[in-house]
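In: Below are the sequence and a predicted model; questions follow.
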Amino acid sequence: MPRKRSIEDVDLLAAARRELSRVGAANITVEGVARETGLAKATVLQRFGSKRGLMVALARQSTDVLREKFASVVRAEGSPLLKLVDLLAHRAEPIGRPNELANQLSFLPIALHDPEFRRLAVEQATWAQMGIRKLLEAAVEEGELASIDLAELTKLIYVTYTGSLLTWAVLRHGTVSEWVRSHVHAALRPWRSRGSTGKRKGARR
């Protein structure tokens, strides 16, 4: 394959994420990412300095994308509860097979032992919960949810989302997005105001 002269960082990181899903954090290499993009290894190293630099950039990009997505969804028209469920289900959609989820989660052991990656993981989790909280606040304002302890419900929805990814990988019922959607709906159901289902007509239970 002829070498490409240039590629945007966002496209290079997208290629790195595909490689991560394919081989996992332990096996991803600068050479592999270079092959995926058609760039020379030296070009990738020039951008990120090392495999570690590439992985840090991936973690930071994930947080940036998450933050921007939540901000966009909060501003959009529509039911806050539906927007929340849709956003979480859509985030899971790119995971097509359990091994891809396992490879993406291969970041976790690194985050547990490496202070820099742990800080980045905590930052991402914090932004995710802030986004969930904003949509829940909007749902209360619009009468979709009863007035409740939003801090506790925020944590419940976040834990439900992350736990749904893991349980789907084991049980493999339907698609991962269907599995996430079903369990987030179930977590919200006891707190919905009377008459508010938070579901589209014809949506799966």
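Out: Yes, it's here. No experiment lies behind these values; they were computed from the predicted model shown.

In: Work out for me the element Asn27 sits within.
Out: According to DSSP states H and E, Asn27 maps onto no helix or strand at all.

In: mind checking how far it is from Leu112?
Out: Using C-beta to C-beta, to the nearest Å, Asn27 is found at 19 Å from Leu112. Placement of C-beta: from N, CA and C, glycine included.

In: What of Glu93?
Out: 27 Å.

In: do the same with Ala128
Out: To Leu112, Ala128 is 18 Å away according to C-beta to C-beta.

In: Kindly report the same for Ile7.
Out: Ile7 is 32 Å from Leu112, by C-beta to C-beta.

In: which of those two has more neighbours?
Out: With neighbours defined as other C-beta atoms under 10 Å, Ile7 and Leu112 compare such that Ile7 has more, 16 against 10.

In: who's in contact with that one?
Out: Thr37, Gly38, Leu39 (C-beta atoms under 8 Å, 6 or more residues apart in numbering).

In: try it again with 7 Å
Out: Residues counted as contacts of Ile7 (C-beta atoms under 7 Å, 6 or more residues apart in numbering) are Thr37, Leu39.

In: Next, the residue most central in space within the chain: secondary structure please.
Out: Of all residues in the chain, the one closest to the mean position by C-alpha atoms, centre = their mean is Arg91, 5.0 Å from it. Under the three-state scheme (DSSP: H, G, I helix; E, B strand; the rest coil), Arg91 adopts helix.

In: List the neighbours of stretch 113-122 that are in contact with it.
Out: For stretch 113-122, the surrounding residues in contact (C-beta under 7 Å, 6+ apart) are Val56, Ala59, Arg60, Thr63, Ile110, Ala111, Leu112.

In: Ranking helices and strands of the protein by mean pLDDT, which lands last?
Out: None of the helices or strands of the chain scores lower by mean pLDDT, DSSP states H and E than helix 98-104, at a mean of 80.

In: Mind listing what's buried along that helix?
Out: Neighbour-count burial for helix 98-104, counted by 16 or more other C-beta atoms under 10 Å, picks out Pro98, Glu100, Leu101, Asn103, Gln104.
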